[in-house]
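**Student:** Sequence isn't available, so here's the structure alone:
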């Protein structure tokens, strides 16, 4: 057995570790493609989150303005009533 050449390890023209190497290569390629897809989904989700955060901030700002207007109306009404009494 010691005198056998490397050709004796071939099985129908294929080295025993060649299919494993090809399988590993295919799996790595699939994982890389999956990572690219997941990264794309992540960027899209982050973009949507930023849009929603901006929308939320705009709603908060609007709520503050409405609250301030309501407070001003309340003060004006109070001042009008005070002026009528005097």
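**Tutor:** That came through fine. These numbers come from a predicted model, not from an experiment. Residues are numbered from 1 along each chain as shown.
**Student:** With residue 57 as the reference, measure out to residue 48.
**Tutor:** Note on residue 48: its distance to residue 57, by CB to CB, to the nearest Å, is 15 Å. No exception for glycine: its C-beta is placed from N, CA and C like everyone else's.
**Student:** Low-confidence ranges, this protein, go.
**Tutor:** 1-14, 85-86 (pLDDT under 70).
**Student:** could you pull out the helices for it?
**Tutor:** 18-85 (DSSP state H).
**Student:** what residue lies at the spatial centre of this protein?
**Tutor:** In the chain, the residue lying closest to the centroid (CA atoms, centre = their mean) is residue 42, at 2.8 Å.
**Student:** Please report the distance of that residue from residue 33.
**Tutor:** Distance from residue 42 to residue 33, by CB to CB: 15 Å.
**Student:** same check, this time on residue 82
**Tutor:** 74 Å.
**Student:** repeat for residue 16
**Tutor:** 28 Å.
**Student:** ok, now residue 76?
**Tutor:** If you go by CB to CB, the gap between residue 76 and residue 33 works out to 65 Å.
**Student:** again, but for residue 43
**Tutor:** For residue 43 relative to residue 33 (CB to CB), the value is 16 Å.
**Student:** and if you look at residue 47?
**Tutor:** 22 Å.
**Student:** got it, and residue 26?
**Tutor:** 11 Å.
**Student:** And residue 67, by the same measure?
**Tutor:** From residue 67 to residue 33 the distance is 51 Å (CB to CB).
**Student:** cool, residue 74 as well?
**Tutor:** 61 Å.
**Student:** cool, and residue 57?
**Tutor:** For residue 57, the distance to residue 33 - CB to CB - is 37 Å.
**Student:** ok, how many other residues are close to residue 79?
**Tutor:** Residues lying near residue 79 (other CB atoms under 10 Å) number 10.
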